[in-house]
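[1] Below is the sequence, then the predicted model.
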Amino acid sequence: MLKDSWVHGVFRAVIRYTRSSSIVSSCCESLFLTRPSLMQYNTTRDELLESAGQVFANVASGVLRVRVKHTYPLSQAAQAHADLESRKTTGSVVLIP
């Protein structure tokens, strides 16, 4: 049944396109999508500190911009959580002490 659907065609195209990448792997007609995490790029504390330093340097120089959409005083943390759960917020939410 799956072989006659458009989904099968899409999966075959994804497998062909990404066969050599670590994002998609195929075995025994099963498709597994993986999501890289930080630990795949920084395996030691020194690597993590170096990467963090590069990110903060790029923020300081203006190469990267930090966009904060919503701020709440710490006393309104419960309201911030309620707004997140009800999807009233988008983007970053920051609690201010």
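    Perfect, I can see it now.

[2] buried sites along stretch 78-86?
    For stretch 78-86, a neighbour-count test (16 or more other CB atoms under 10 Å) marks residue 80 as buried. Yep, even glycine has a C-beta here, placed from its N, CA and C like the rest.

[3] Please enumerate the helices of the chain.
    With DSSP state H as the criterion, the chain has helices at 6-17, 45-61, 77-85.

[4] what bits of the chain have low per-residue confidence?
    For the chain, applying pLDDT under 70 flags the ranges 1-36.

[5] contacting residues around residue 43?
    Taking CB atoms under 8 Å, 6 or more residues apart in numbering as the criterion, residue 43 is in contact with no other residue.

[6] again with the one 5 residues further on
    If a contact means CB under 8 Å, 6+ apart, then residue 48 has 38, 42 as its contacts.

[7] Residue 42 versus that one, what's the distance?
    Computed as CB to CB, to the nearest Å, the residue 48 to residue 42 distance reads 4 Å.

[8] Please apply the same query to residue 82.
    Remark: distance between residue 82 and residue 42 (CB to CB) = 34 Å.

[9] Contacts only, for residue 47.
    Residue 47 touches residue 41, counting by CB under 8 Å, 6+ apart.

[10] how far away is it from residue 41?
    Counting by CB to CB, the gap from residue 47 to residue 41 is 8 Å.

[11] can you check residue 84 too?
    With CB to CB as the criterion, residue 84 and residue 41 are 27 Å apart.

[12] now do residue 95
    According to CB to CB, residue 95 stands 28 Å off from residue 41.

[13] Tell me how many other residues crowd the spatially closest residue to residue 58 that is not a sequence neighbour.
    Using CB to CB, 6 or more residues apart in numbering and skipping residues adjacent in sequence, the residue nearest residue 58 is residue 64, 4.4 Å away. Residues lying near residue 64 (other CB atoms under 10 Å) number 12.
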